[in-house]
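>>> Here is a sequence together with a model predicted from it:
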Amino acid sequence: MKTSQMFFPTQREIPRDAELISHQMLVRGGFVKSVAAGVYSYLPLGWRVHEKISQIVRDEVKLFGAQELHMPVLVPRELLDESGRSSVPVLFALKDKNQRDFFLGFTHEEVVTDIVRSTVNSWKQMPLYLYQIQTKLRDEPRPRGGLIRGREFTMFDGYSFDSNEGDLDAIYRENYRAYERIFTRCGLKYLAVEADPGAIGGSENHEFMILTESGEDTVLRCDSCGYAANAERAEIPPSDVSDRPDLLVQDLVSTPGAHTVEEVCAFLKVSPQQLIKTIICTASDGTVVAGLVRGDRELNLPKFSRAVGIGALELADPATVVRVTNAPVGFAGPVELGVSVYVDLELKAGGNFVVGANAADAHLLNVTPCHNFEVTGWADIRTAVAGDSCPRCAGGILGDARGIEVGHIFKLGTKYSKDMNALFQNDKGEKYPVIMGCYGLGVSRTMAAAIEAHNDANGIAWPISIAPFEVAIIIANMKDEAQTTAAKDLYSSLKQAGVDALLEDRDERPGVKFKDIDLIGIPIQVVVGKALAEGAVEIGIRGSAEGRQRVAVETAASYVRNLVQSEKDKLQAS
RNA sequence: CGGGGUGUAGCUCAGUGGUAGAGUGCUGGUUUUGGGAACCAGAUGUCGCAGGUUCAAGUCCUGUCACCCCGACCA
């Protein structure tokens, strides 16, 4: 490709609406154009990157026998009714002319299961792994960060079908390894973490995170055994400390206007560790329960929901809080509260805590679980943080990092096959539901994450495997015929050798070309300029400290080929 | 859905009731040619939209829409 003919509308200014670096650079570099909130056009450069990532994904999943197919965006309502997912809030819904209900595909478990149930009926037809790379549509409550969270985005979604658990385990491992190879080849530092499966259900699941400061998730890692989990999932080992101090007499104090932990602590001159937060939650059936954690901790809703065991809990609305506690929000407490009380394990230690008094502007002093109120159950219900002990090994301490979730893989088991009656016969002629797994990888999000992880003041520093071009040949002075001729020759021979080269042949000043090539992130840069008078071109790697090396024109092509290969080799999975 | 912010030239922004502006980009010309050149000449507007107040509204008021950020949410 020649830049003189290429459509890549770069701009110098940082776009007003872009906050994240990746968003800014995608727009500035002419990779994408915003159409509506969370909806983007991919311009030619952006699409090249998108397709390079997609191809790497295809290459790697093919290695374990995955087969590509293509399912529709339009999904009839009846299919999602079968799995009970037609009320999922992020669904885009529409009607056709005959008032028939459709959804836009947000993921395709039901569609692929429908294919399989009508065609796979014997254990001999499995294992089977089908995947697609396709646009997904989700009416996100809040799209943000450019390609990080869109309403329309591209996802690889793979689905496995097996006749026994062992085969599911095997394909899950294969997929896990393929993801490791994919992210390695994309030049991304990833971390696979244990995660919350959400309402998709299933047992084992892992998220693949790209570690970068701007990530929206927090991950926790053990410094000694390698345990890693999303902070929303990470377990906390039960503490063996359960000592109680001498218990003092419960006391009612006035705390006017002190709603928050900070305000109460400031007013009573106690530390947050000496306070217990009482969080009122509701289940979908209307049941109200209370969760208690230390004042400096966060209640973890998924953990709390599992501990209580009546489905997903959510924070109660203020009206419910007022009804249950007879007080405004901020004064809830466990003493004489008319609902079940679950207490975080950490509160087995210590005592004489401060709690809300279930009355406006009042708190209770010297309250201790089991002594001043009845405990319905003890459980690990707080969110883990850096510094907590590792749940898997003795002595390990969890550290934290930020990450962008670019992949999530699940062992679904028989959830969908049961709901949708996808059965097969085993070798004894018995009917069983197909055992499934599903595997998602955000292609567009990976593109954004790669920029978050690889950029500098001048622009994007694409890993060579996913860069829109591998090499840019920059002609310093278009009026110099020797330069243009030498550059075009080099360009031709690189193209012939299969190198993905870009010829920067616009009639612009050199500075403009250098800036643009840096901005769009071409990793290997060849300058055909002044040095040509001495029979040399300058070849360098974008952003490298060494600068550009002078290389004789005659050997430039092979020099570049070797450089491309060695850069690619650095990204090869071991 | 709650809180905050922003809508004026392609882009980034200034403009506190009285003629619509700058920088950059764009077009033509001259000179330049190693990190976003200089000079000259030019083109470019539904001031988000609707209503209201006023002799007069980009500016004040009401409503509405869009976009961004924080939170909720994120099968």
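Yes, it's here.
>>> contacting residues around residue A:335?
Residues in contact with residue A:335 (CB atoms under 8 Å, 6 or more residues apart in numbering) are A:250, A:355, A:357, A:358, A:364, A:367, A:372, A:373. (C-beta placed from N, C-alpha, C; glycine too.)
>>> Tell me which helix or strand comes right after the longest strand seen in chain A.
Once chain A is assigned using DSSP state E, the strand that runs over the most residues is strand A:398-413. Counting by DSSP states H and E, the next helix or strand C-terminal to strand A:398-413 is helix A:415-419.
>>> Which elements pack onto that next one?
Here helix A:415-419 touches helix A:77-83, helix A:109-119, strand A:435-442, going by 3 or more CB pairs under 8 Å, 6 or more residues apart in numbering; DSSP states H and E.
>>> and the longest strand of chain A, average pLDDT?
Regarding strand A:398-413, the rounded mean pLDDT is 94.
>>> Packing partners of it?
helix A:165-185, strand A:190-194, strand A:205-211, strand A:217-222, strand A:435-442, helix A:443-453.
>>> residues of stretch A:97-114 that come out buried?
Residues of stretch A:97-114 classed as buried: A:102-114 (neighbour count, 16 or more other CB atoms under 10 Å).
>>> coming back round to it: who wins on neighbours among the contacts of residue A:335?
residue A:355 (28 neighbours; other CB atoms under 10 Å).
>>> Now for it: which residues touch it?
Applying CB under 8 Å, 6+ apart, the residues contacting residue A:355 are A:275, A:276, A:278, A:333, A:334, A:335, A:363, A:364, A:367.
>>> go again using 6 Å as the cut-off
Residue A:355 sits next to A:276, A:333, A:364, A:367 when contact means CB atoms under 6 Å, 6 or more residues apart in numbering.
>>> one step back: deepest-packed of the helices and strands packed on helix A:415-419, please.
strand A:435-442 (a mean of 24; mean count of other CB atoms under 10 Å).
>>> quick one on the thing from earlier: what's the farthest-apart pair in the contacts of residue A:355?
Using CB to CB, the two most remote members of the contacts of residue A:355 are A:276 and A:364, lying 9.8 Å apart.
>>> where do the strands sit along the stretch 251-400 of chain A?
A:251-254, A:276-283, A:288-294, A:313-315, A:340-344, A:353-356, A:362-367, A:377-379, A:398-413 (DSSP state E, counting those that start in this stretch).
>>> Of all the ones you listed, which one comes closest to RNA strand B?
strand A:313-315 (5.3 Å; CB to the nearest atom of the strand).
>>> Contacts for the closest one next, please.
With CB under 6 Å, 6+ apart as the criterion, strand A:313-315 contacts A:281, A:283, A:301, A:304, A:305.
>>> which non-adjacent residue is nearest the last one?
Right, residue A:305. residue A:313 (4.6 Å; CB to CB, 6 or more residues apart in numbering).
>>> what about the one you found, distance to residue A:528?
Going from residue A:313 to residue A:528 by CB to CB, to the nearest Å gives 65 Å.
>>> which bits of the stretch 251-400 of chain A sit near RNA strand B?
A:301, A:314, A:315 (CB under 7 Å from any atom of the strand).
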